[in-house]
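Visitor: Provided below are the primary sequence and the corresponding predicted coordinates.
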Amino acid sequence: MGVLKHWRAFRSFRRLPASARAIVFYSESGQDWHHFAPVIDAITSGFGRRLCYVTSDPDDPGLSGAIPAVDGFCIGDGVARTTLFQFLKADVMVMTMLDLHNLQLKRSINPVHYVFMFHSLISTHMADFENSYDHYDTILCAGPHQLREIRKREETQGLAAKNLVPHGYHRIEQLIEERELRPRHEAGDPPHILLAPSWGENTILHTCGDRVISALLDGGLVVTLRPHWQSQVVVPGVIRELLDRYGSHPRFRFEGRMSDNESLFASDVMVTDWSGAAMDYALGLEKPVVFVDLPPKSRNDSWPSLGIDPLEISIRSKIGRIVGMQQIEQMPDTITSLLSDPDAFRRHIASLRSECVYNLGHSAQAAAEAIVGLADHSGSAGDPDS
C-alpha cells in the first residue's frame, strides 16, 4: 500500500500547474525540515510564494500542513522517487542531499536549477567525496570556508563556476536563541559532560567508549551518552554493553533520540571525535569541546591536494582541547581547565563565530532571496498542462 501511495503522490505532483512547481524542496528525512523550515517560511510569508515540499519520509513535519502555502508530497525512496527526479519539471529544486547525479538520483532530463543547502558547518573536501557537490548549480554556503573550498576545486579541476551564495546556518542561530531561555549551571554542581561520538569504525564507541565513560565518572562528573542515530542502527550491541555496565550509575544518563536536545543545554562540555555537531555546540552554545584524537572521517583520501585544511581540523584547538588516547584518564583535569574562565571563552567564541558563519541572524532571508530570484530568472517550470 505504501508504494501505491507514493505513486499517487507522484501523479498529484505532476498534475500541478507549472507555476505551483516553480520552487520544489526535496527532503530525504524529517531531519531536513529543521533546516528548511525557516527558509520556507521566509519564501511563503515574506515573498508570498507557493512551493512544493517533496519528501521520502512519511513522518516528515513538512507534511503537517502547518504552512498553507506549501503543497506536500511523500514519494518514498523507491522507483517513484527515481522517476520523479529523472523527469522533474520545476524551475528550482532545493535539497540537502549530497551526490546528485553521482549515485542513483540523477539530474532531470528537463532544465532544472539545482540548489544545495548545507546542514552542517563541516568542510566540503574531506568528509564527503571529492565530487559530491559538482552537479549542483547553486550552493548556499554556511560559511566562507565552504565557498573557498568549492572555488578552489573548480579552479584546480577546470569546472564551471557555480553560483555560490553566502547563506549562513540556521542551527547556530537557533541554539543562540534557545540558550538564552535556559538556566545557567548552578555553582557547586559537578560538571555535566555530553558524550556525543560520531558514527563509524574509528569512533569513540568502537575504540575507547568504556575508558572515556569510566574516566569521566571516576572524576566525579555527570555523563550523558548521546550516540549518533546511525550507531544505534548499525552497532546496537556496543551501546547495549555500555548501558549494561553504566546504566545504573547515579551520574550516568542516556539520550537515545536525536530529537531530544535537553543534554545540549544541560551539559557544560561536549566530548566527541569528529562529529560536526561539535561546531554547533561550541559556536551556538558557547561551550567547550574535548576531542579524542582518533583518525578523521574521510571519504576523500586526496583532500590534502586542495591545499586547504578542513574546518573540522583547524577549528578543534580553537573551540576546546585535543586529547590523545594515552591522555583519556586525565580528561577530568582537562575539563576543569576548560571551564576555569567561561566568560573569556564566550568572548573568544563570539569573535570566532563571526569569522565562520555568514549572515548570523539573517540566514533565512538570504536564502529566500536567492531561491526566489533563481525561480524568477528561470521562468516557467514546463508546459502549463504537464
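Guide: Structure received.
Visitor: Please name the residues that touch residue 20.
Guide: Going by C-beta atoms under 8 Å, 6 or more residues apart in numbering, residue 20 touches 50, 52, 71. Any C-beta I mention is one placed from the backbone N, CA and C, and that applies to glycine too.
Visitor: same question, residue 332
Guide: Under the criterion of C-beta under 8 Å, 6+ apart, the neighbours of residue 332 are 215, 216, 218, 219, 220, 221.
Visitor: again with residue 280
Guide: Residue 280 sits next to 121, 171, 172, 175 when contact means C-beta under 8 Å, 6+ apart.
Visitor: same thing but 6 Å
Guide: Shown in contact with residue 280 (C-beta atoms under 6 Å, 6 or more residues apart in numbering): residue 171.
Visitor: which SS state does it fall under?
Guide: Secondary structure, DSSP: H, G, I helix; E, B strand; the rest coil: residue 280 is helix.
Visitor: ok, now how distant is it from residue 130?
Guide: 25 Å (C-beta to C-beta, to the nearest Å).
Visitor: What's the end-to-end length of stretch 43-51?
Guide: 8 Å (C-alpha to C-alpha, to the nearest Å).
Visitor: buried ones in that stretch?
Guide: Going by neighbour count (16 or more other C-beta atoms under 10 Å), the buried part of stretch 43-51 is 43, 44, 47, 49, 50, 51.
Visitor: same check, this time on stretch 240-250
Guide: 242, 246.
Visitor: Then stretch 364-381?
Guide: Neighbour-count burial for stretch 364-381 flags 364, 365, 366, 367, 368, 370, 371, 372, 374, 375, 378, 381 (criterion: 16+ other C-beta under 10 Å).
Visitor: do the same with stretch 210-217
Guide: If you call a residue buried by 16+ other C-beta under 10 Å, then stretch 210-217 has these buried ones: 212, 213, 214, 215, 216, 217.
Visitor: For the second one, which three-state class applies?
Guide: In this case it means residue 213. The assignment at residue 213 comes out as helix when based on three-state DSSP.
Visitor: And for the fifth one?
Guide: Classification of residue 216 by three-state DSSP places it in helix.
Visitor: isn't it right next to residue 223, touching?
Guide: Yes: between residue 216 and residue 223 there is a contact at 4.8 Å, judged by C-beta atoms under 6 Å.
Visitor: Overlap of the contact sets of those two?
Guide: Common neighbours of residue 216 and residue 223 (C-beta under 6 Å, 6+ apart) are residue 193.
Visitor: Show me the strands in the stretch 101-250 of the chain, by range?
Guide: Here the stretch 101-250 of the chain has its strands, by DSSP state E, counting those that start in this stretch, at 113-117, 138-141, 163-166, 192-195, 222-225.
Visitor: Just say which of the ones you listed is most tucked in.
Guide: Highest mean neighbour count among those (mean count of other C-beta atoms under 10 Å): strand 192-195, with a mean of 25.
Visitor: in the helix or strand hosting residue 343, what's buried?
Guide: Using DSSP states H and E, residue 343 maps to helix 342-356. For helix 342-356, the neighbour count (16+ other C-beta under 10 Å) marks 345, 348, 349, 352, 353, 356 as buried.
Visitor: go on, stretch 192-206?
Guide: 192-200, 203-206.
Visitor: Between these, which sits nearest residue 302?
Guide: Closest approach to residue 302 among those (C-beta to C-beta): residue 200, at 19.3 Å.
Visitor: Tell me the spacing between that closest one and residue 299.
Guide: Per C-beta to C-beta, residue 200 is found 10 Å from residue 299.
Visitor: Look up the residues forming beta bridges with residue 92.
Guide: Note on residue 92: beta-bridge partners residue 23, residue 113, judged by DSSP bridges.
Visitor: What is the burial count for it?
Guide: By the criterion of other C-beta atoms under 10 Å, residue 92 has 26 neighbours.
Visitor: got it, and residue 29?
Guide: Neighbourhood size, residue 29 [other C-beta under 10 Å]: 15.
Visitor: That one: what's it in contact with?
Guide: Contact analysis of residue 29 by C-beta under 6 Å, 6+ apart lists residue 57.
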